[in-house]
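S.K.: My questions are about this predicted structure, shown below with the sequence.
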Amino acid sequence: MNAADLRYPQKTLVADYTRAATGVILCGAPLLLLDVNRWLAALLLAGLALFALFLVRTALRHRTRYALSPETLCADGPGGALVEWNRLDRLKLSYFSTKRDRSDGWMQLSVGSTGGRLIKVDSALEGFHDIVERAAQAAEATGAPLSDATRANLRSMGIVVVGQEETV
């Protein structure tokens, strides 16, 4: 396997920038243009802060490039980090549903190696499945403990970690 250069798709980033900017405008404009009572102002300010944080998060995702190689996963950008697969000690794969029947949603992978910072990527990232497969192989090799939820989410992607199968 050669090193792969992975980024979030432009379409996803544009949609997130649009959502964040719309939220900032809709929450900030009334604060600037109208005389609102303090309770409404507090709600609008809280919304403005949340959308501003989302805008910053989107900008960070836009600036970050992920390099996947057989030995490492490197997040190159603001707040970058490096995970060495042979030292992997943390792996968590979470599913976040957007519908009550769990038919739609996204996954988030968190991986870390001994002494290193955690890298979090979500399923919108190009090559997400490749990263999850490599992380699962590393977890198998290092014996990193996996939660029941992580094992179930790996199985839903068609990935089984030997030694971490569900016991009945």
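M.R.: Ah, there it is.
S.K.: Just list what the longest helix belonging to the chain packs against, helices and strands only.
M.R.: With DSSP state H setting the assignment, residue counts place helix 38-63 as the longest helix in the chain. Other helices and strands packing on helix 38-63, by 3 or more CB pairs under 8 Å, 6 or more residues apart in numbering; DSSP states H and E, are helix 10-33. Where C-beta positions appear, they are placed from N, C-alpha and C, glycine not excepted.
S.K.: before we move on, the earlier item: what's whichever helix or strand comes after the longest helix of the chain packed up against?
M.R.: Downstream of helix 38-63, the next assigned helix or strand under DSSP states H and E is strand 65-68. Under the contact definition 3+ CB pairs under 8 Å, 6+ apart, strand 65-68 sits against strand 4-6, strand 72-76, helix 128-142.
S.K.: To residue 116, which of those lies closest?
M.R.: The closest of the helices and strands packed on strand 65-68 to residue 116 is strand 72-76. By CB to CB, the value is 9.9 Å.
S.K.: which residues does the nearest residue to residue 87 once chain neighbours are set aside contact?
M.R.: Excluding the flanking residues, the one nearest residue 87 by CB to CB, 6 or more residues apart in numbering is residue 113, at 3.9 Å. Residue 113 is in contact with 82, 83, 84, 85, 87, 88, 89, 90, counting by CB atoms under 8 Å, 6 or more residues apart in numbering.
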